[in-house]
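Trainee: This is the structure alone, sequence omitted:
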């Protein structure tokens, strides 16, 4: 097993023709049986997936019967999988999900941060208002967990703690879907106060291959996964927001790829048509590096991605005057690995 320090350069940041910075990392691509069709860098050391697994966490919302009991729409299911921007469309979906379960914004335990949407942040500042919990990019996930607790008759208070029955259910779903043992020994606390469990990229890739196809899942879990993916494709702006990569992929590729990013340079992908799952992390936690790797993977495996992601594939870097001054380009190790994979797929 390669050491983390030996991870290859996945992305080079050029200024002019000279490399100015680089992003090292690792990437795993697995099939539904867990066979690694690509392993670049250290894919066995556990990493925290953070928000990249929100759709897997939302499986409990559907499996429990809560989604049907509260007649949740595609928008409400998508927001439960989201790292949203905090725009009006996102706040309305979270509020609607809460209301259907007879819950209130004050029940959210995610804490508040300024919206990821700059226009919404400016709107709050102009009104001399501070952000609320509903503006947190994770508020939809929390609303889904609260609704699950209410439907199952659990006290929603403390739903965010590891020993709450809803979190125990979600941990079991994650463990079974990814085939990775999860417990206190590999648990951390996420930015939104929920448990986050470290898993190898290889296991995460396997889990997303299964999530995207239903292969190896129980009948009910397979149906739940399909329903969540269909909801996210039907309402892509709810999963992230206008101008953001996950929304662009879901909208443009129309179900050929389900992508979800997480903090600290993590991204996971389900490729239902190919039966593959992808999990990647850049060592320095940079979003720009992780998203560039994601774009290269999609371009290598899905021909239609070239048209949808043309701007991202170009990878241009512009200065404050709009002048093109450099590019983000795939590192040689990533190019070689993906070229070999595309040639054999």
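Mentor: Perfect, I can see it now. Since we're looking at a predicted model, the values are computed, not measured.

Trainee: dump the residue contacts of the residue lying closest to residue 58 once chain neighbours are set aside.
Mentor: Excluding the flanking residues, the one nearest residue 58 by Cβ to Cβ, 6 or more residues apart in numbering is residue 80, at 4.6 Å. Backbone N, C-alpha and C define where each C-beta goes, glycine included. By Cβ atoms under 8 Å, 6 or more residues apart in numbering, the residues touching residue 80 are 54, 58, 61, 72, 97, 140, 141, 143, 144, 228.

Trainee: Which ones among those map onto strands?
Mentor: With strands taken from DSSP state E, there is no overlap with the contacts of residue 80.

Trainee: so where's the chain shaky on pLDDT?
Mentor: 1-5, 343-345 (pLDDT under 70).

Trainee: longest strand of it?
Mentor: Per DSSP E, the chain has its longest strand at strand 18-31.

Trainee: ok so, going back, go through the contacts of residue 80 and name the one nearest residue 252.
Mentor: Taking Cβ to Cβ as the measure, residue 252 lies nearest residue 228 of those, at 19.1 Å.

Trainee: ranges for the strands of the stretch 201-345 of the chain?
Mentor: 258-262, 266-271, 276-282, 316-318, 324-330 (DSSP state E, counting those that start in this stretch).

Trainee: Could I get the full set of helices for the stretch 51-200 of the chain?
Mentor: For the stretch 51-200 of the chain, helices defined by DSSP state H, counting those that start in this stretch occupy the ranges 54-57, 59-63, 66-69, 74-80, 88-100, 118-126, 139-151, 165-178.

Trainee: of these, which approaches residue 20 most closely?
Mentor: helix 118-126 (26.0 Å).

Trainee: hang on, the earlier thing: among the helices of the stretch 51-200 of the chain, which comes closest to residue 15?
Mentor: It is, among these and with distance given as Cβ to Cβ, helix 118-126, at 25.6 Å.

Trainee: Residue 159 reaches residue 108, doesn't it?
Mentor: No - Residue 159 is beyond contact range of residue 108, at 9.7 Å (criterion: Cβ atoms under 8 Å).

Trainee: Mutual contacts of those two, please.
Mentor: 142, 146.

Trainee: So between the two, which is more surrounded?
Mentor: residue 108 (26 against 22; other Cβ atoms under 10 Å).

Trainee: so who does the closest residue to that one other than its chain neighbours touch?
Mentor: Spatial nearest neighbour of residue 108, excluding adjacent residues (Cβ to Cβ, 6+ apart): residue 133 at 4.1 Å. By Cβ under 8 Å, 6+ apart, the contact list for residue 133 reads 105, 106, 108, 109, 110, 111, 112, 139, 142.

Trainee: Out of those, who's the most crowded?
Mentor: Within the contacts of residue 133, most neighbours by other Cβ under 10 Å means residue 139, with 30 neighbours.

Trainee: Wait, that residue touches residue 92, no?
Mentor: No - with contact defined as Cβ under 8 Å, residue 139 does not reach residue 92; the gap is 11.8 Å.

Trainee: How much space separates the residue nearest to residue 108 from residue 22?
Mentor: Counting by Cβ to Cβ, to the nearest Å, the separation of residue 133 from residue 22 is 38 Å.

Trainee: Which positions in stretch 19-30 come out as buried?
Mentor: Residues of stretch 19-30 classed as buried by neighbour count (16 or more other Cβ atoms under 10 Å): 22, 23, 24, 25, 26, 27, 28, 29, 30.

Trainee: Tabulate the residues you listed in a markdown table, adding columns for distance to residue 200.
Mentor: Below are those laid out as a markdown table (distance: Cβ to Cβ, whole Å):
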| residue | distance to residue 200 |
| --- | --- |
| 22 | 23 |
| 23 | 20 |
| 24 | 17 |
| 25 | 14 |
| 26 | 10 |
| 27 | 12 |
| 28 | 8 |
| 29 | 13 |
| 30 | 10 |
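
Trainee: can you name the two of the residues you listed that are farthest apart?
Mentor: 22 and 30 (25.8 Å).

Trainee: rewinding a little: can the helices of the stretch 51-200 of the chain go into TSV with extra columns for distance to residue 280?
Mentor: Shown next, in TSV, are those (distance: least, Cβ to Cβ, whole Å):
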stretch	distance to residue 280
helix 54-57	16
helix 59-63	22
helix 66-69	29
helix 74-80	23
helix 88-100	26
helix 118-126	27
helix 139-151	21
helix 165-178	15
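
Trainee: Ok, which of these comes nearest residue 8?
Mentor: Per Cβ to Cβ, nearest to residue 8 of those: helix 165-178, 24.1 Å.

Trainee: And the contacts of the closest one?
Mentor: So helix 165-178 is contacted by 53, 56-57, 59-60, 63-64, 145, 148-149, 152, 154, 159-162, 180-182, 194-195, 197, 199, 203-204, 206-207, 210-211, 217, 221 (Cβ under 8 Å, 6+ apart).

Trainee: what's the angle from the helix or strand that the longest strand of the chain is followed by to strand 276-282?
Mentor: Counting by DSSP states H and E, the next helix or strand C-terminal to strand 18-31 is strand 36-40. For strand 36-40 against strand 276-282, the angle by axes from the mean of the first three to the mean of the last three Cα atoms, to 10 degrees is 10 degrees.

Trainee: Can you give the strand pairings for strand 36-40, parallel or anti for each?
Mentor: Strand 36-40 pairs in its sheet with strand 18-31 (antiparallel), by DSSP bridges.
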